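Enquirer: I would like to see how this sequence folds:
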Amino acid sequence: MSVVEIERGDGIMVIRMNRPERLNALGTELRAGLKQAWEEFDASSELEVAILAGTGRAFCAGEDMKESVERGTVGSAAAPDNARTNLFNEGKLDKPVIVAINGFAMGGGFKIVDTADFRVAVRGAVFESSEAKRWLLGGYEHGHMGTLPHAIATELAFAFRFTAERLYGLGYLNRLVDAVDQLLPTAREMAAHLLSLPPASRVNTLALMRAMRPRVPEEIEELAARLKNHGAKEDLMESRKAFAEKRPPRFKGWNNPEDRKRTPKLAMRKA
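Expert: Prediction:
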């Protein structure tokens, strides 16, 4: 059984993450399979729209915590060099991608949803930007890029969970369906519409709409880079060990207690 299943036809490539026993967590094999699938999609002259889906109870649970603990590294660093990223994650595809969200979209799984051009979800699907639980800084960029109100973006950054119904009401999702078996048909309908457009119109409109997506200002990214290193790095692995061992985490917080009062700040602008 392949951890990545692919269907090809009528100009559409359907990619299924097929690791249901691990909630489609992004282990090394799945990362490598997705990388290969996106490279095929990019190179194809016949496939113009991709639909990414998951099998089982989850769309994608994000980082494989068990694998990270076993390797002693965190995040994508747990994967070999040739599987750490892919054309989709890097924003290098010039073809539209639709995600069909059947269940949990957590951490890296939520980031996949965030990167997609169109989002279809089933009622009851659960979303979580998990960075605040696993790193030293929460997912500050997701709400901003999704043009969500600041209060909602703050809630998202602090790893609160959201239902599909709530995100649809906030305008984050394009379609909301009542049952899982309606996901792919709905995504295929959207793909068929995209394929009905003049090819140049589809390519050019996609390029412009992506260019119009909000981006985090450079000065905020610089502050974020400093904040990601503010705190005890041991807590990164501790959060993963606690998850894998199904126990409460024992966080250290700070190597030096005085660092608690030394939080990096945004430089004051000169008048």
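
Enquirer: so how many other residues sit close to residue 123?
Expert: Residues near residue 123, counting by other Cβ atoms under 10 Å, number 14. C-betas here are computed from N, CA, C, even on glycine.

Enquirer: what about it, distance to residue 243?
Expert: Relative to residue 243, residue 123 is positioned 27 Å away (Cβ to Cβ, to the nearest Å).

Enquirer: same check, this time on residue 164
Expert: 24 Å.

Enquirer: What of residue 48?
Expert: From residue 48 to residue 243 the distance is 39 Å (Cβ to Cβ).

Enquirer: Please apply the same query to residue 136.
Expert: 16 Å.

Enquirer: Which of those two has more residues huddled nearby?
Expert: The neighbour count for residue 136 versus residue 243, taken as other Cβ under 10 Å, is higher for residue 243 (18 against 15).

Enquirer: Kindly export the helix or strand hosting residue 237 (C-alpha atoms) in CSV.
Expert: Here residue 237, judged by DSSP states H and E, is contained in helix 234-245. Below are the C-alpha coordinates for helix 234-245, written out as CSV (Å, rounded to 0.1, in the frame of the first residue of the first chain):
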residue,chain,number,x,y,z
GLU,A,234,15.1,21.8,25.0
ASP,A,235,11.3,22.5,25.2
LEU,A,236,11.0,21.8,21.4
MET,A,237,11.9,18.1,21.9
GLU,A,238,10.1,17.9,25.3
SER,A,239,6.8,18.9,23.7
ARG,A,240,7.2,16.1,21.1
LYS,A,241,8.3,13.5,23.7
ALA,A,242,5.3,14.4,25.9
PHE,A,243,3.0,14.0,22.9
ALA,A,244,4.5,10.7,21.8
GLU,A,245,4.5,9.4,25.4
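
Enquirer: by contact count, what packs against it?
Expert: helix 65-71, helix 131-134 (3 or more Cβ pairs under 8 Å, 6 or more residues apart in numbering; DSSP states H and E).

Enquirer: Out of these, indicate the one that is most buried.
Expert: helix 131-134 (a mean of 21; mean count of other Cβ atoms under 10 Å).

Enquirer: any idea of the mean pLDDT for the very next helix or strand once past that helix?
Expert: Past helix 131-134, heading to the C-terminal end, the next element that is a helix or strand (DSSP H and E) is helix 140-145. Helix 140-145 shows a mean pLDDT of 92.

Enquirer: now helix 140-145: how far from the chain's centre is it?
Expert: Centroid separation between helix 140-145 and its chain, computed with Cα atoms, centre = their mean, to the nearest Å, is 12 Å.
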